[in-house]
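Peer 1: from the sequence below, what's the structure:
(chains A and B)
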Amino acid sequence: MDRQQVEKTALLARLKLSESEVVKFTEQLTGLLDYVAILNEIDTDDVEPMAHAVEVSNVLRDDEPASSLARDDALSNAPKSDGVYFLVPPILTEG
Amino acid sequence: MSIVGSTTEELLGQLASGDVSCVELTSAYLDQIAARDPEVQAFLRYDRDDALQQAEQIDAKRKRGEQLGQLAGLPVAVKDNMCTKGQPTTCASRMLENFVPPYDAHVVTRLKEADAVLIGRTNLDEFAMGSSTENSAFQVTRNPHNAEFAPGGSSGGSAAAVGGGMTPLALGSDTGGSIRQPASFCGVVGMKPTYGRVSRYGLVAFASSLDQIGPLAGDVTGAARLLKVIAGHDARDSTCVDLPVPEYTQSLNEPLSGLTIGIAAEHFASGLDAEVESIVRRALDIYTSLGATVKEISLPHSRYAVATYYVVAPCEASSNLARYDGVHYGFRAETFENMIDMYATTRGEGFGDEVKRRIMVGTYALSAGYYDAYYLKALKVRRLIREDFDRAFADVDVIASPVSPTPAFKIGALVDDPLAMYLQDLYTLSANLAGIPGISVPAGTSSGGLPIGLQLLAPAFEEERLLRAARMFEKGGE
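Peer 2: Residues are numbered from 1 along each chain as shown, chains lettered A, B, ... in the order given. Presented below is the predicted three-dimensional model:
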């Protein structure tokens, strides 16, 4: 994993990294991915991927209305709100 | 008879007979916290008045002759990644430093219904990512047996609290060994139930297909009692299985006749500390002396477990932690240029090193062009690891192994070497990948005076067998 890939991945992950983090992660993630490459020793052509440990069927419930979180509770942890909405920086800007 | 150091059953007996009130019992543990925790740092928060108030209510209930729940006044410490309504739940992260959940986790509701005293909130590696509890944004927890050493992780706070006599019981969560390894390091019993046995509702998600909540206790009976309280169906976690929960404590003292214990050569390969190996082998001798048969089995894919896990878990983590966007709850950076930069700066400032590392690995492994090579590949190997266990359990009842390749390591020893830290989980994380239950029971002490545990694994939903096998050993070694 090179520096460019680290920077691209950080962008995808919405993670601002410092210069020293970029350097450190480039080295550490390369080491980890090298290690993970041992998985290529195994022939898995005929193996079904296993996403879950207990492979049970979907659980369905009746579609009945129920109460949800009150607005005040939902907003109580918001970094910024006006009591009605979550407030975010402008998404559309001029130019 | 002293309170601190008594078993949970002894404590329940003293409470029931009226020899000790819940207030007296809770005070004794709070005093122990006040005496020991300035050094151990197991608790992120505890509130003496609040704990004593809960205890008073339980005493009043008992006085009125009301039927008490299964924990009937026993203190339980809770890892700080399980939501408690109206009280901070930080995951030991700056990101959630000021987060106050508007609801209780299912297990917290169950503890309250069982008349537990919620005595405090324990430290962890940030978002449960780590094997030493050094990744906490707030404090470094120390091993109660020797403060220079790590308590293990990520449930290091819970294990150190029980090991340091600061609570008889605690809850932890285990995604790759995070209950069992610290239990081993701190000399307590720690169990990861089968995936789906305990509801994850209100457990802050790390890797959703691997996370499971479980008990830590001073002995197997305490762990069995606490498991009974938290286990069982909950419709709010769709992966929580609707199966009856046995009365674990009732059958516990019956030895398993004709028990066959599997040992895998792969678990005794190079890298295993000689003292750990000899303690595990001595444990097997104890089983043999109790009439059990030890049989060699093979888990040929176990050498791929760490690599598999460190693809699967970070992939799930990177997806789960995408929710921390600085909008709905949690930290938001002060200064940024625009919306995208707000996300990136918030996450860059709010997350610690290890969390960032795992988000990076997961994002990379799931990104276009790498998904098949990493994520899908790991999921396929995950099935092979599970099939190894299926084959093994056709021949044996439980599998015995070390918990961790070494006794507790020194604080700071592995922090700069993520891969070495990940290899700590070599023996534990297969159980999470396969979804099976595992337990760590104290089995001996190193020459340096540090506890060493024995791990037992059982097939899915065979917690009763696992606990009985663990109790057999505990009793046999007495």
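Peer 1: how about the helices in the stretch 251-400 of chain B?
Peer 2: B:274-289, B:305-320, B:339-350, B:353-366, B:377-393 (DSSP state H, counting those that start in this stretch).
Peer 1: which of those sits closest to B:Ala34?
Peer 2: With C-beta to C-beta as the measure, helix B:353-366 is the member of the helices of the stretch 251-400 of chain B nearest B:Ala34 (30.7 Å). From N, CA and C alone the C-beta is placed, and that goes for glycine too.
Peer 1: helices and strands around the closest one, which ones?
Peer 2: helix A:3-12, helix A:19-36, helix B:305-320 (3 or more C-beta pairs under 8 Å, 6 or more residues apart in numbering or on different chains; DSSP states H and E).
Peer 1: for chain B, give me its nearest residue in chain A.
Peer 2: With C-beta to the nearest C-beta, the shortest gap between chain A and chain B falls at A:Ala53, namely 2.4 Å.
Peer 1: which residue sits closest to that residue, ignoring its sequence neighbours?
Peer 2: Counting by C-beta to C-beta, 6 or more residues apart in numbering or on different chains, the nearest residue to A:Ala53 once its immediate chain neighbours are dropped is B:Gly435, at 2.4 Å.
Peer 1: so who does the one you found touch?
Peer 2: A:52-54, B:194-196, B:386, B:460 (C-beta atoms under 8 Å, 6 or more residues apart in numbering or on different chains).
Peer 1: could you identify the most distant pair in those?
Peer 2: Most distant of the contacts of B:Gly435, by C-beta to C-beta, are B:Gly196 and B:Arg386, 14.0 Å apart.
Peer 1: count the neighbours of B:Ser257 for me.
Peer 2: B:Ser257: 8 surrounding residues under other C-beta atoms under 10 Å in any protein chain shown.
Peer 1: ok, stretch B:256-267 near chain A or not?
Peer 2: No: Stretch B:256-267 does not reach chain A (C-beta under 8 Å from any C-beta of the partner chain); its nearest approach is 14.0 Å.
Peer 1: cool, stretch B:416-429 as well?
Peer 2: Yes: applying C-beta under 8 Å from any C-beta, one finds stretch B:416-429 touching chain A at B:418-419, B:422.
Peer 1: show me those that map onto strands.
Peer 2: Using DSSP state E, no member of the residues of stretch B:416-429 next to chain A sits in strands.
Peer 1: narrow those to those that are buried.
Peer 2: Buried members of those, counted by 16 or more other C-beta atoms under 10 Å in any protein chain shown: B:418, B:422.
Peer 1: present the residues of stretch B:416-429 next to chain A as CSV; the columns should include pLDDT.
Peer 2: Formatted as CSV, the residues of stretch B:416-429 next to chain A follow (pLDDT from 0 to 100):
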residue, pLDDT
B:Pro418, 89
B:Leu419, 87
B:Tyr422, 90
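Peer 1: and the gap between the closest residue to B:Thr406 other than its chain neighbours and B:Leu299?
Peer 2: Nearest residue to B:Thr406, sequence neighbours excluded (C-beta to C-beta, 6+ apart): B:Asp273, at 4.5 Å. As defined by C-beta to C-beta, to the nearest Å, B:Asp273 lies at a distance of 20 Å from B:Leu299.
Peer 1: now swap in B:Ala392 and tell me
Peer 2: For B:Ala392, the distance to B:Leu299 - C-beta to C-beta - is 6 Å.
Peer 1: so which of these two has more stuff around it?
Peer 2: Neighbours were counted for B:Ala392 and for B:Leu299 using other C-beta under 10 Å; B:Leu299 has more, 22 against 19.
Peer 1: residues in contact with that one?
Peer 2: B:264, B:266-267, B:385, B:388-389, B:392, B:399, B:430.
Peer 1: what are the phi and psi values for it?
Peer 2: As for B:Leu299, its main-chain torsions (degrees, to the nearest 10) stand at phi -120, psi 80.
Peer 1: what does the residue nearest in space to the middle of chain A show for phi and psi?
Peer 2: Closest residue to the average C-alpha location of chain A: A:Ala13 at 6.8 Å, with C-alpha atoms, centre = their mean. Phi and psi for A:Ala13, reported as degrees, to the nearest 10, are phi -80, psi 0.
Peer 1: which part of the stretch 151-300 of chain B gets nearest to chain A, residue-wise?
Peer 2: For the stretch 151-300 of chain B and chain A, the shortest gap (C-beta to the nearest C-beta) falls at B:Tyr195, measuring 4.2 Å.
Peer 1: doesn't that residue belong to a helix?
Peer 2: No: read with DSSP: H, G, I helix; E, B strand; the rest coil, B:Tyr195 is coil and lies in no helix.
Peer 1: picking up where we left off before, any chance of the helices of the stretch 251-400 of chain B in JSON lines, plus mean pLDDT and distance to B:Gln455?
Peer 2: Below are the helices of the stretch 251-400 of chain B laid out as JSON lines (pLDDT from 0 to 100; distance: least, C-beta to C-beta, whole Å):
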{"stretch": "helix B:274-289", "mean pLDDT": "97", "distance to B:Gln455": "8"}
{"stretch": "helix B:305-320", "mean pLDDT": "97", "distance to B:Gln455": "13"}
{"stretch": "helix B:339-350", "mean pLDDT": "96", "distance to B:Gln455": "35"}
{"stretch": "helix B:353-366", "mean pLDDT": "97", "distance to B:Gln455": "24"}
{"stretch": "helix B:377-393", "mean pLDDT": "98", "distance to B:Gln455": "13"}
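Peer 1: got the ones you listed as a markdown table, with distance to B:Gln70 columns?
Peer 2: Formatted as a markdown table, the helices of the stretch 251-400 of chain B follow (distance: least, C-beta to C-beta, whole Å):
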| stretch | distance to B:Gln70 |
| --- | --- |
| helix B:274-289 | 30 |
| helix B:305-320 | 32 |
| helix B:339-350 | 38 |
| helix B:353-366 | 36 |
| helix B:377-393 | 30 |
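Peer 1: so which of the residues of stretch B:416-429 next to chain A are in helices?
Peer 2: B:418-419, B:422 (DSSP state H).
Peer 1: circling back: and the contacts of B:Leu299, which is closest to B:Gly330?
Peer 2: Nearest to B:Gly330, judged by C-beta to C-beta, of the contacts of B:Leu299 is B:Ser430 at 32.8 Å.
Peer 1: run a quick neighbour tally on the residue nearest to the closest one when sequence neighbours are not counted.
Peer 2: Nearest non-adjacent residue to B:Ser430, counting by C-beta to C-beta, 6+ apart: B:Ala305, 4.5 Å away. Residues near B:Ala305, counting by other C-beta under 10 Å, number 26.
Peer 1: may I ask which helix or strand of chain B has the lowest mean pLDDT?
Peer 2: helix B:418-423 (a mean of 88; mean pLDDT, DSSP states H and E).
Peer 1: elements contacting it?
Peer 2: In terms of contacts (3+ C-beta pairs under 8 Å, 6+ apart), helix B:418-423 is packed against helix A:19-36, helix B:305-320.
Peer 1: quick one: contacts for residue 21?
Peer 2: Picking chain A for this. A:Glu21 makes contact with B:353, B:356, according to C-beta under 8 Å, 6+ apart.
Peer 1: chain B is the one I meant
Peer 2: Residues in contact with B:Ser21 (C-beta under 8 Å, 6+ apart) are B:15, B:55, B:59.
Peer 1: repeat that with 10 Å
Peer 2: B:Ser21 is in contact with B:14-15, B:27, B:55-56, B:58-59, B:62-63, B:73, counting by C-beta atoms under 10 Å, 6 or more residues apart in numbering or on different chains.
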